[in-house]
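Undergrad: I'll drop the sequence and a predicted model, then ask my questions.
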Amino acid sequence: MITRANEARHRLRFRLWALFLRAQLRRRGAVLVVDAPHGARMDSFPHLAFDGAGGSVTIRIGRGVKLGRATHLDLSLGGANVLEIGDATYFLHGVRLQLRSGAIRLAAAVNLRDGVVLKSEGELVIGYEVPISYGGAIHCVERIEIEDRAGLAERVTVVDSDHSHYGDDRYFLAQPLKIAPVRIGANAFVCANAVITRGAHVGANSVIASGAVVGAGEHPEGWLVAGAPAQPVRALGPRDGTRPS
């Protein structure tokens, strides 16, 4: 009975927050669609920030989702924003989601640690059981996909765009944006402080070394990739007579 009472309380808190969000969006001429029959456990109500007007916001939440304290949801209105959170996904403290007429799609059992920032004006897709550790940042303009059971360690950055710079006095943020999709393969592990840049395709079962800067192109499956710019170093596998568990 206590468990049922807690579940009912969490559903009620989520509904109250969704009603508040709906009212805020209506004031700005935007439509809210919520598909979250189980609600979500929230340590505190997510903070909201808006710019623009009109468009739609769609939120789909599975069973057993937990949103940590000081979750932030920043919405740029005018287009179609979509947030999908799969079953048993949880956020720790201070996760920030920024939707700019884009989609963030989190599969089941994703976990976002303290201070993670996800920003999307395209399609940001994160697969099953993916951990993104403390201070990670993903900025998606067109498409970024992180496949099932891949992992990002502390302070990893993933971007699918960057601004041109011609070495002169023209402001770099006013220069043309270069965009190319990024994919991180299943069961790949990206170590702390690495940077994955536009057009990078990281192979499944690979390891990206700490501090690596991974540029555009195919990076092989099952290899250690290291350096700046990153290069394949060696094929992964037992080196000391040990066997995989």
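TA: Good, I have the coordinates.

Undergrad: per-residue pLDDT, the most centrally placed residue in the chain?
TA: Residue closest to the mean C-alpha point of the chain, counted by Cα atoms, centre = their mean, is residue 118 at 4.2 Å. You'll see residue 118 listed with a pLDDT of 98.

Undergrad: quick one: it and residue 124 touch, right?
TA: Yes. Between residue 118 and residue 124 there is a contact at 6.2 Å, judged by Cβ atoms under 8 Å. (Each C-beta comes from the backbone N, C-alpha and C, glycine too.)

Undergrad: shared neighbours, those two?
TA: 104, 138, 140 (Cβ atoms under 8 Å, 6 or more residues apart in numbering).

Undergrad: ok, the residue nearest to the centre of the chain - contacts?
TA: Residue 118 makes contact with 95, 96, 97, 98, 104, 112, 124, 138, 140, according to Cβ under 8 Å, 6+ apart.

Undergrad: which one (most neighbours) among the shared contacts of residue 118 and residue 124?
TA: Using other Cβ atoms under 10 Å as the neighbour test, these are led by residue 140, with 27 neighbours.

Undergrad: show me how this protein divides into domains.
TA: Following automatic domain parsing, the chain resolves into domains at 7-108, 132-163+172-240.

Undergrad: would you format these as TSV with mean pLDDT included?
TA: What follows is those, written out as TSV (pLDDT from 0 to 100):
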stretch	mean pLDDT
domain 7-108	96
domain 132-163+172-240	96
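
Undergrad: one step back: so which of the shared contacts of residue 118 and residue 124 are in strands?
TA: Members of those lying in strands (criterion: DSSP state E): 104, 138, 140.

Undergrad: could you dump those into CSV and include distance to residue 181?
TA: Shown next, in CSV, are those (distance: Cβ to Cβ, whole Å):
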residue, distance to residue 181
104, 16
138, 13
140, 9
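
Undergrad: tell me the one of those residues nearest residue 162?
TA: Nearest to residue 162 out of those is residue 140 (Cβ to Cβ; 12.9 Å).

Undergrad: re the thing from before, the residue nearest to the centre of the chain bridge partners, please.
TA: residue 97, residue 138 (DSSP bridges).

Undergrad: how far away is it from residue 5?
TA: For residue 118, the distance to residue 5 equals 33 Å [Cβ to Cβ, to the nearest Å].

Undergrad: which ones are touching residue 173?
TA: residue 163.

Undergrad: if we go to 10 Å?
TA: Applying Cβ atoms under 10 Å, 6 or more residues apart in numbering to residue 173 gives the contacts 163, 165.

Undergrad: confirm it sits in a strand?
TA: No. Under DSSP: H, G, I helix; E, B strand; the rest coil, residue 173 falls outside any strand and is assigned helix.

Undergrad: how about stretch 9-21: buried residues?
TA: For stretch 9-21, the neighbour count (16 or more other Cβ atoms under 10 Å) marks 10, 11, 13, 14, 17, 18, 21 as buried.
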